[in-house]
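J.: Requesting a structural model of the entry that follows:
(chains A, B and C)
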Amino acid sequence: MSHPNAAAAPAPAGLNNAQMEAVHHLESPCLVIAGAGSGKTRVITHKIARLLQAGYAPAQIAAITFTNKAAAEMRERARALVGSRAAKPLVVCTFHALGVRILRADGERIGLKPQFSILDSDDVLGLLRDAGATTDAATARRWQWTISSWKNQGLDSAGAAQVVADDEERVAQRVMERYEERLAAYQAVDFDDLIGLPLKLLRTDAEARSRWHETLRYVLIDEVQDTNTVQFELLKQLTDHALPERRGKFTAVGDDDQSIYGWRGATRDNLRRLADEYPTLKVIALNQNYRSTSAILRAANAVIAHNPKLFEKQLFSELGEGEPVRVVESDGEEHEAERAVARIQSLRGQGGAVAGGPGGGAVALRDFAILYRANHQARIFEKALRKAQLPYRVSGGQSFFDRAEIRDLVAWMRLLVNPDDDPAFLRAVTTPKRGIGHQTLAGLGTFAGRWKVSLFEALFAESLGAALPRKAVDGLHEFGRFVNDLQHRAGQTSGAEDAKALLQGWLKDIAYEQHLYDGEDQEKLAAARWSNVMDFIDWVSRRCGGEIDTDGGLTTESERKTVLEVAQSISLIASLAERSEEQDVVTLSTLHAAKGLEWPHVMLVGVNEGLLPFKSEEDDMTPERLEEERRLMYVGITRARQTLMVSTLRRRKRGRELVAGTPSRFIAEMKLHTAATQEDPKARLKALRDAAAARVAAAGKPA
DNA sequence: CATACATGAATTTTT
DNA sequence: TTCATGTATG
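T.: Presented below is the predicted three-dimensional model:
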């Protein structure tokens, strides 16, 4: 991963004492409480090196993360430390990728054929609409959410039947039953299944379990505080070896104060469970922060002190006092945005005047982040930045793989891997249009439903002729033959050059470029889409050529792969090799999406009651909810390296009139007044002098 | 009655 | 940005 602001610990000479202890503790399960910016990736990668030294083979070590990005960064840092040869066989991947690996190898033992398809959330939504016979996307989305949270608690539809609380859930539970039937019929799994099914396998199949215990002998897991119940159970199963001396070989790394995903099933309580269920658990806290100034950390510590503690931890920094944290009050969102822009411009104008500025030179745009609670808040800042002609990037924008044209091609590839993947079939057979319409597909669907076979299987059934007109059947057969032929060739084609030729030939055969220009009235847009398609083709063929995996997916070796093999791993991959990441632009991001990243200059905006902590009408703010919001504030504060500005609205526009806004309680909790913010001119002067002294001290040190 | 446009409101997100 | 709701117009 190449994000310039990714939390790459500014390398201290070696490891500090706590880090060293964490790295060398192999005797019993280990939990590393890694505060923000305390060098946790460093600990994990060094621990991998330590395990290799202790005699583990690389392929026996698994490092599990939550995102592809984190996995890629981890692999890269491990490679830098232990070398390519040792790093290659390491199992560094996401939870879900590990699930895929287990299911591709052993899924047959629980009735899943190895070429099963992975549905993304759009596919799931379509299936649910179908299963629940609704066209209403909002309803289907609620079902999706409900069903997913049941699955994340380890419940199937039968289990969910025991816990339904109201009528809406009762309906969702029935939809879930039909959804499960469909998944089984399509030989497809959703993202939740990628955790749930491997867990089921390991629980019920002793032989498979012991085989996996032989394969993966030591497990490192990142961000444990973000694990949900099912993921936690999977971790336990993976490390629950039959031999006592081989049991509990894991290191979990996390920070209870950065647990911000409770709303999607993550439970901070898993940290406590680790301590409860593993009496020999060694808990090590990393308290030294290598990212932020003392002024920033003091504010962070003060805020989080209002939460009950799970583990004792107090971050400190040796980077100097730094600039005081600034609180700014604005009249309305526009005003706030203008002031944020003004701050960027003034800090940039100042050049290297800020302590430790990159190379002591000008402050770059990429050094700034504007962080907010909710996505819609970005809008007004975008407007202000555009007006000031400052380039920016909004986090969590539409990903490459979400684009319609890419989803078309991915559907085709999924169909090649698993012709029984009905959602993929439907998309491919109608993209581009080939004279197979609603009527034909409805007929085929009815036929397939009656005989309980997939659409693709139904297509070649003898008796289909009785159910559909001759012309329709001919069209379907032609499509089927085309897919079969392409599938055959894709299974034999490997290497970048050949793969590219195959893919280009395929696009030509289906006249995809024409399809794009037909569907778009503006030629420029169609051309842009086609260029995306070309990027996609390049990307797939490069992987066929055996280029080293940079996406954290499954691959641990770099041999040539067939097009079909590459297609197998495609659903899991969320982003192309980051292309725009290195541009010098201001970052706009939600607090959630900012986790794990850092910037020299951070602005937290919209820090108001109602927004942060967030509160909606029908929402009773439980203490737990408030604590999670506070952790969100904590995460925001600890993203900043040199300066932090916290912005709040005195007044907000509501409709046409301005209404009073209340600064967030978290601002008071930062306890800035002692150091001086704006009230006391004398104290402020002193703070400025201190900061200047700190700058001088910092400038004397090598970077 | 249906469609077009304007207005206002808006949790958080990965795989 | 998107999504839903409401008003105005054909």
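J.: As a check, name the ranges of all strands in the stretch 251-400 of chain A.
T.: A:282-286, A:288-289, A:316-317, A:326-331, A:368-372, A:392-394 (DSSP state E, counting those that start in this stretch).
J.: same question, the stretch 101-250 of chain A
T.: Using DSSP E, counting those that start in this stretch, strands in the stretch 101-250 of chain A cover A:117-118, A:188-189, A:218-221, A:250-254.
J.: Looking at these, which is nearest to residue A:24?
T.: Nearest to residue A:24 among those is strand A:250-254; the distance by Cβ to Cβ comes to 10.9 Å. In this view, the C-beta of every residue, glycine as well, is placed from N, C-alpha and C.
J.: number of nearby residues for the closest residue to DNA strand C within the stretch 251-400 of chain A?
T.: Distances between the stretch 251-400 of chain A and DNA strand C by Cβ to the nearest atom of the strand are smallest at residue A:379, namely 4.7 Å. Residues lying near residue A:379 (other Cβ atoms under 10 Å) number 13.
J.: same question, the one 4 residues further on
T.: By the measure other Cβ under 10 Å, the count of residues near residue A:383 is 14.
J.: Got the confidence number for it?
T.: Predicted confidence (pLDDT) for residue A:383: 89.
J.: So for it, what's the nearest residue that isn't a sequence neighbour?
T.: Counting by Cβ to Cβ, 6 or more residues apart in numbering, residue A:383 lies nearest to residue A:337, which is 7.0 Å off, once chain neighbours are set aside.
J.: quick one: that neighbour and residue A:381 touch, right?
T.: Yes: Residue A:337 lies in contact with residue A:381 (Cβ atoms under 8 Å); the separation is 5.0 Å.
J.: what is in contact with these two at once?
T.: Counting by Cβ atoms under 8 Å, 6 or more residues apart in numbering, the contacts common to residue A:337 and residue A:381 are residue A:605.
J.: what stretches of the stretch 551-700 of chain A score poorly on pLDDT?
T.: For the stretch 551-700 of chain A, residues meeting the criterion pLDDT under 70 lie at A:551-558, A:573-582, A:618-619, A:653-658, A:673-684, A:686-688, A:691, A:694-700.
J.: Smallest distance to DNA strand C belongs to which residue of it?
T.: Closest residue of the stretch 551-700 of chain A to DNA strand C, Cβ to the nearest atom of the strand: residue A:588 (11.8 Å).
J.: So that residue, which state does it fall into?
T.: Per DSSP: H, G, I helix; E, B strand; the rest coil, the local secondary structure of residue A:588 is strand.
J.: Residue A:64 too?
T.: Residue A:64 - assigned by three-state DSSP - is strand.
J.: ok so, going back, and the residue of the stretch 251-400 of chain A closest to DNA strand C, what pLDDT?
T.: pLDDT for residue A:379: 90.
J.: quick one: contacts for it?
T.: With the criterion set at Cβ under 8 Å, 6+ apart, residue A:379 makes contact with nothing.
J.: just to revisit the earlier point, let me know which of the strands of the stretch 251-400 of chain A is the nearest to residue A:173.
T.: Here strand A:368-372 is closest among those (Cβ to Cβ), at 36.3 Å.
J.: surely residue A:476 meets residue A:434?
T.: No: counting by Cβ under 8 Å, residue A:476 sits too far from residue A:434 to count as a contact (9.9 Å).
J.: between the two, who's got more neighbours?
T.: Under the criterion of other Cβ under 10 Å, the comparison of residue A:476 against residue A:434 puts residue A:476 first, with 24 against 17.
J.: biggest strand in chain A by residues?
T.: In chain A, taking DSSP state E as the definition, the longest strand is strand A:640-654.
J.: what pairs with it, and is each one parallel or antiparallel?
T.: Strand A:640-654 pairs in its sheet with strand A:326-331 (parallel), strand A:599-604 (parallel), strand A:657-660 (antiparallel), by DSSP bridges.
J.: Just the CA atoms of it, as CSV, please.
T.: What follows is strand A:640-654, C-alpha atoms only, in CSV (Å, rounded to 0.1, in the frame of the first residue of the first chain):
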residue,chain,number,x,y,z
ALA,A,640,-3.1,14.4,13.9
ARG,A,641,0.6,14.6,14.0
GLN,A,642,1.4,18.3,14.4
THR,A,643,-1.6,20.4,14.6
LEU,A,644,-5.2,19.8,15.5
MET,A,645,-8.1,22.2,15.0
VAL,A,646,-11.5,21.3,16.4
SER,A,647,-14.3,23.2,14.8
THR,A,648,-17.8,23.6,16.2
LEU,A,649,-20.9,25.5,15.1
ARG,A,650,-22.4,28.2,17.3
ARG,A,651,-25.2,28.5,14.9
ARG,A,652,-26.5,26.2,12.2
LYS,A,653,-28.7,26.7,9.3
ARG,A,654,-31.9,24.8,9.6
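J.: Please compute how far it lies from its chain's middle.
T.: 27 Å (Cα atoms, centre = their mean, to the nearest Å).
J.: Please name the bridge partners of residue A:614.
T.: residue A:610, residue A:611.
J.: Tell me how many other residues crowd it.
T.: Residues near residue A:614, counting by other Cβ under 10 Å, number 17.
J.: Do I have it right that it meets residue A:629?
T.: Yes: between residue A:614 and residue A:629 a contact is recorded at 6.1 Å, counting by Cβ under 8 Å.
J.: Which pLDDT value goes with residue A:346?
T.: With respect to pLDDT, residue A:346 has a value of 90.
J.: Burial check on it, number of neighbours?
T.: For residue A:346, using other Cβ under 10 Å, the count is 10.
J.: Residue A:287 too?
T.: Residue A:287 is flanked by 16 other residues according to other Cβ under 10 Å.
J.: Also residue A:17?
T.: For residue A:17, using other Cβ under 10 Å, the count is 10.
J.: likewise residue A:331?
T.: 14.
J.: Can you give me the distance of it to residue A:342?
T.: For residue A:331, the distance to residue A:342 (Cβ to Cβ, to the nearest Å) stands at 14 Å.
J.: what's the answer for residue A:571, then?
T.: For residue A:571, the distance to residue A:342 - Cβ to Cβ - is 45 Å.
J.: So for these two, which sits in the more crowded spot?
T.: residue A:571 (24 against 12).
J.: looking at it, that one is touching residue A:414, isn't it?
T.: Yes: using Cβ under 8 Å, residue A:571 makes contact with residue A:414 at a distance of 6.8 Å.
J.: Show me the common contact partners of those two, please.
T.: Joint contacts of residue A:571 and residue A:414 (Cβ under 8 Å, 6+ apart) are residue A:117.
J.: tell me the contacts of residue A:536?
T.: A:400, A:406, A:409.
J.: now do residue A:497
T.: A:541, A:545.
J.: Poorly predicted segments of the stretch 301-450 of chain A, please.
T.: A:350-361, A:396-399.
J.: Flag every residue of it that's near DNA strand C.
T.: Contact residues, the stretch 301-450 of chain A versus DNA strand C (Cβ under 7 Å from any atom of the strand): A:375-376, A:379.
J.: That'll do, ta.
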